[in-house]
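Asker: Got a sequence here, can you build the structure:
(one chain, ligands or ions: 1)
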Amino acid sequence: MRQPLIVGNWKMHGSRESVAELLTSLVTGSTGESADVAVCPTYVHLAQAVSLCANSPIAVGAQDCSHLATGARTGEVAAPMIADVGCEWVILGHSERRAYHGESDEAIAAKLTAAAEAGLKPILCVGETREEREADKAEDVVALQLSGALRSQPDLKGLVVAYEPVWAIGTGLTASPEQAQAMHAFIRDELAALGVDAVNTRLLYGGSVKAGNAAELFAQPDIDGALVGGAALVAAEFQAIVDAAT
Ligand SMILES: O=C(CO)COP(=O)(O)O
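Answerer: This is a model prediction of the structure:
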């Protein structure tokens, strides 16, 4: 049985004031849900978020980490530092990092290793662009992303995979429940072929998830939750998505 998981990816949004407001609402509203819940603010808000979520069921994660544990890497943040401030999770390989920071599957594989060594649970993001889907290459692209990141390390503790079609991120376009389910089933098969414990690995859908479309996505057998962007910045909307998973 896979426990549902809802993760808010706050991307590059927030201030001390908005973080306090959003998390105070979420902590007050969270009454022992049967879904796991995590929020991923920017690095500078992690410690504040951990402190606000203490004694609540909400966990905190980062949106990236370095592949090194320490060293001369100006501007980077290492996985052990993220664990040290009290985080449980780290998002890796998000399409925005692949596109704007040139992250390769090889680099993402190294970050996965670093995260696991620091005891963080990684959320590996995969997904195709619109052009790749239209060229009927969506499965090939996702298969390569999965094997590039996991081939050498199929037994990462706590691994979660998020399928985020790039064309559905921040666009208001969501994959239909059937499209998302088909890709999730494909991902589960690919994970098994790579030697990952696919049956127990949670697969999240991401891309314009909202209160209004969450339930039909979560009704699909291989969709175990969501990685939520814009809607995670509005407490009532995020809570409604959590409620739809429970
Ligand atoms: O990229 C996403 C989560 O990581 C999805 O973002 P949106 O929910 O804003 O489309």
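
Asker: Can you tell me what sits against the longest helix anywhere in the chain?
Answerer: What stands out as the longest helix in the chain, according to DSSP state H, is helix 177-194. The set of residues external to helix 177-194 that reach it, using Cβ atoms under 8 Å, 6 or more residues apart in numbering, is 126, 138-139, 142-143, 146-147, 150-151, 154, 161, 163, 165, 174-175, 198-199, 201, 203, 205, 216-217, 219-223. Heads up, the C-betas are built off the backbone N, CA and C, glycines and all.

Asker: buried stuff in that helix?
Answerer: Under the neighbour-count criterion of 16 or more other Cβ atoms under 10 Å, helix 177-194 has P177, A180, Q181, A182, M183, H184, F186, I187, R188, E190, L191, L194 buried.

Asker: Which is the succeeding secondary structure element to the helix or strand hosting L26?
Answerer: Using DSSP states H and E, L26 falls within helix 16-29. Reading on from helix 16-29 to the C-terminus, the next helix or strand found by DSSP H and E is strand 36-40.

Asker: Is the ligand within reach of that next one?
Answerer: No. Against the ligand, strand 36-40 shows no contacts by Cβ under 6 Å from any ligand atom, the least distance being 8.4 Å.

Asker: Give me the spatial nearest neighbour of D222, chain neighbours excluded.
Answerer: Counting by Cβ to Cβ, 6 or more residues apart in numbering, D222 lies nearest to H184, which is 3.6 Å off, once chain neighbours are set aside.

Asker: my hunch is that I223 is in a strand, does that hold up?
Answerer: No. Counting by DSSP: H, G, I helix; E, B strand; the rest coil, I223 is not found in a strand; it is coil.

Asker: Tell me the spacing between it and L203.
Answerer: Relative to L203, I223 is positioned 7 Å away (Cβ to Cβ, to the nearest Å).
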